[in-house]
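1. build me a model:
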Amino acid sequence: MAGAQSIEPGLWEITVTVQASGALQPQQHTTQRCYSKQELNDLQNVAPSTGMGAQCKMLASNQSGYRYTYTLQCDQPKLTSSGEFVFGATSYQGSINSEINEPGMAKMQIAQRFSARRVGDCR
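-> A predicted model of the protein is given here:
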């Protein structure tokens, strides 16, 4: 996609903060990932998702310039997630809001916040 072509390939550091309903403290972790030029041609390859698997389907996705949004739904577990990410040449910010609604269990809300930046070339 044309909007993603100026995002720089290389080694990226991604920090994720997760807050689940009922949890007292948010959890945070940082990882690194190497993105190739080919991966960056489609923001769907870069934006993290929650629950994508055999039991999940993408209900909607949209890329407008450097903004990518999506909604997905899963059957196992019963999960609905919406994500929104805004990309720059060397950074991106985003969020995923999910709701798990399994029969016989309390409904759970999970909010994930993403902050990423390019830190160098791939090794």
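2. for the longest strand along the chain, give me every contacting residue.
-> Identified as the longest strand of the chain according to DSSP state E is strand 108-120. Strand 108-120 is contacted from outside by 8, 10-22, 32, 48, 50, 85, 89-101, using Cβ atoms under 8 Å, 6 or more residues apart in numbering. Just so you know, the C-beta spots here come from the backbone N, C-alpha and C atoms, and that holds for glycine as well.
3. any idea of the mean pLDDT for that strand?
-> Strand 108-120 shows an average pLDDT of 96 in the prediction.
4. ok, that strand: who's next to it in the sheet?
-> strand 10-20 (antiparallel), strand 91-100 (antiparallel) (DSSP bridges).
5. picking that back up, buried subset of the contacts of strand 108-120, written for PyMOL?
-> Selecting only the buried entries of the contacts of strand 108-120 in PyMOL, with 16 or more other Cβ atoms under 10 Å as the criterion:
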select buried, resi 10+12+14+16+50+85+92+94+96+97+98+100
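6. spatially central, which residue of this structure would that be?
-> Relative to the mean C-alpha position of the chain, the nearest C-alpha, by Cα atoms, centre = their mean, is the one of P48, at 2.5 Å.
7. mind listing what it touches?
-> I14, V16, G83, G94, I96, Q112, F114.
8. pretty sure the first one contacts T31?
-> Yes - using Cβ atoms under 8 Å, I14 is in contact with T31, at 5.4 Å.
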